[in-house]
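Peer 1: sequence unavailable; structure follows:
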């Protein structure tokens, strides 16, 4: 079972927080979860706003039919505006990245916390499936497949997640109207 994000954007008007009508959407992106909130942080990012809980004055909250929610948190636009969106994660990704080698070069396929029989045949039965157990750049090859230990940077998260880029653009726009510290994203997760 996977982990999903819920929540949305709130703005402070006249000293009172109100829902801005902007939901986080339905994207499932563990790299974004890890970067922003430390949830499923396989990439090893230093989270911007991990496990802060709900603000006491939060308007957005999970419905009571979701008892399994966890990792409640929030972050203001002012904090997000300070993030270096080009900075690398402090360590390599726990997931080993898989590429198909083509005549035009390697083409990204996936990244996973464990790999199948083909990777084990090359890496060895006792190989650790966590990328962080190896040095950055470690590779295994089999035919036209390459498995590589890599470090992500924040720009990759934004480049791959159009919904996150749109959410951040909306928050930036709202901050222009209400002020950077009067716009916040309130979230929770379920697994």
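Peer 2: That came in fine, so what should we check first? Keep in mind that this is a model prediction, so the values were computed, not measured. Numbers count the residues shown, from 1 in each chain.
Peer 1: next helix or strand past the helix or strand bottoming out on mean pLDDT in the chain?
Peer 2: Confidence across the helices and strands of the chain bottoms out at helix 117-123, with a mean of 87, counting by mean pLDDT, DSSP states H and E. As assigned by DSSP states H and E, the chain's next helix or strand after helix 117-123 is strand 139-142.
Peer 1: return the distance of that following strand from the chain's centre.
Peer 2: Mean C-alpha position of strand 139-142 versus that of the full chain (Cα atoms, centre = their mean, to the nearest Å) differs by 27 Å.
Peer 1: let's test this: mean pLDDT of it, rounded?
Peer 2: Strand 139-142 shows a mean pLDDT of 94.
Peer 1: now do that strand: which elements does it pack against?
Peer 2: Judged by 3 or more Cβ pairs under 8 Å, 6 or more residues apart in numbering; DSSP states H and E, strand 139-142 is in contact with helix 117-123, strand 145-148. (Each C-beta comes from the backbone N, C-alpha and C, glycine too.)
Peer 1: the strand ranked longest in the chain pairs with which strands?
Peer 2: Ranked by residue count and defined by DSSP state E, the top strand of the chain is strand 4-13. Partners of strand 4-13 in the sheet, by DSSP bridges, are strand 16-23 (antiparallel), strand 183-190 (antiparallel).
Peer 1: next one: it to chain centre, how far?
Peer 2: Relative to its chain's centre, strand 4-13 lies at 17 Å (Cα atoms, centre = their mean).
Peer 1: buried stuff in that strand?
Peer 2: Of all the residues in strand 4-13, those buried under the rule 16 or more other Cβ atoms under 10 Å are 5-12.
Peer 1: check stretch 116-133 too.
Peer 2: Applying a neighbour-count criterion of 16+ other Cβ under 10 Å, one finds 119, 122-123, 130-132 buried in stretch 116-133.
Peer 1: mind putting these in JSON lines, distance to residue 89 included?
Peer 2: What follows is those, written out as JSON lines (distance: Cβ to Cβ, whole Å):
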{"residue": "119", "distance to residue 89": "22"}
{"residue": "122", "distance to residue 89": "25"}
{"residue": "123", "distance to residue 89": "22"}
{"residue": "130", "distance to residue 89": "14"}
{"residue": "131", "distance to residue 89": "11"}
{"residue": "132", "distance to residue 89": "10"}
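Peer 1: biggest separation within those, which pair?
Peer 2: 122 and 132 (18.9 Å; Cβ to Cβ).
Peer 1: that older thread, and which of the buried residues of strand 4-13 is nearest to residue 152?
Peer 2: Of all the buried residues of strand 4-13, residue 5 has the smallest distance to residue 152: 18.4 Å, by Cβ to Cβ.
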